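Peer 1: Predicted model, plus sequence, below.
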Amino acid sequence: MNRNRRDDIYASILDEIVSFRFDEAVAGVFPDMIQRSVPGYATVVSMIGTLAAEYARAGSRCYDLGCSVGAGTLAMRRQIKVPDCRIVAIDNAMAMIERCRANIASEESGDAAVDLLCADIRDVSIDNASVVVLNYTLQFVPLEQRAEIITRIYQGLLPGGVLLIAEKIRFADAGIEQRMLDLHHAFKRANGYSDLEISQKRSALENVLVPETITDHMERLTRSGFEQPQVWFQCLNFISILAIK
């Protein structure tokens, strides 16, 4: 299986632009798609492993919620050294789970056991967790259901456990919002995407990926019980937050 195909899903004019979904076509090009679409992605994934190594506890679970093809899962698996720590990787798209399983099988480094589960993260309990990763996942959950997920994660974390959230964000100031969108599109063009691809994908993501402001995220985390959540990384309109119980 070639897991490094180039993303050309939106390269030709489409008669109808359907809502974006994580189907077989997207799963087949996902590594290329996200690398060329999300500024700072490689840094965020690498740091997931570093942070997981710091906070993972022996005998606990580390969750990757919305694991896609397993980049975050593998980053944790490579660096977690404590004994009897299991990684639970969850995604609601079977195409993603299948590729995640293949990626894990092809990687020799790492001792942590991985449990793969095809399920909706809204239906999964979080238990005995020292690390929970939401890597560009919450933005695809309906707005009114996000608080419940964060609260459930908080309740399932051990004291001192950590939640890592990476998200696309929007800005309350219209001028800054437009500037960041323009720069994000420039980033995509620099990575080989055409204006047609950028436009068609943006239409497909409309009302599917719904970003929020940094304030929205921080207030939700604080209401759920997290103290002093911090933005540890930002590149244009993408951020990663560290929240400790």
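Peer 2: Good, I have the coordinates. Numbering: from 1, shown residues only.

Peer 1: In this structure, where's the longest strand?
Peer 2: As assigned by DSSP state E, the longest strand anywhere in the chain is strand 157-168.

Peer 1: Using CSV, list the CA coordinates for it.
Peer 2: The C-alpha trace of strand 157-168 is given here as CSV (Å, rounded to 0.1, in the frame of the first residue of the first chain):
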residue,chain,number,x,y,z
LEU,A,157,-7.8,12.4,33.4
LEU,A,158,-5.7,11.6,36.4
PRO,A,159,-4.6,14.5,38.6
GLY,A,160,-1.7,16.1,36.8
GLY,A,161,-2.8,14.6,33.5
VAL,A,162,-2.6,16.7,30.3
LEU,A,163,-4.9,17.5,27.4
LEU,A,164,-3.2,18.6,24.1
ILE,A,165,-5.5,20.3,21.7
ALA,A,166,-4.4,21.5,18.2
GLU,A,167,-7.0,23.5,16.2
LYS,A,168,-7.5,25.9,13.4
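
Peer 1: to the chain's geometric centre, what's the distance from the helix or strand just after it?
Peer 2: Using DSSP states H and E, the next helix or strand after strand 157-168 towards the C-terminus is helix 174-190. Relative to its chain's centre, helix 174-190 lies at 20 Å (C-alpha atoms, centre = their mean, to the nearest Å).

Peer 1: measure the spatially closest residue to E148 that is not a sequence neighbour to N92 for me?
Peer 2: Nearest non-adjacent residue to E148, counting by C-beta to C-beta, 6 or more residues apart in numbering: R122, 7.6 Å away. C-beta here means a position set from N, CA and C on the backbone, and glycine is covered the same way. Counting by C-beta to C-beta, to the nearest Å, the gap from R122 to N92 is 9 Å.
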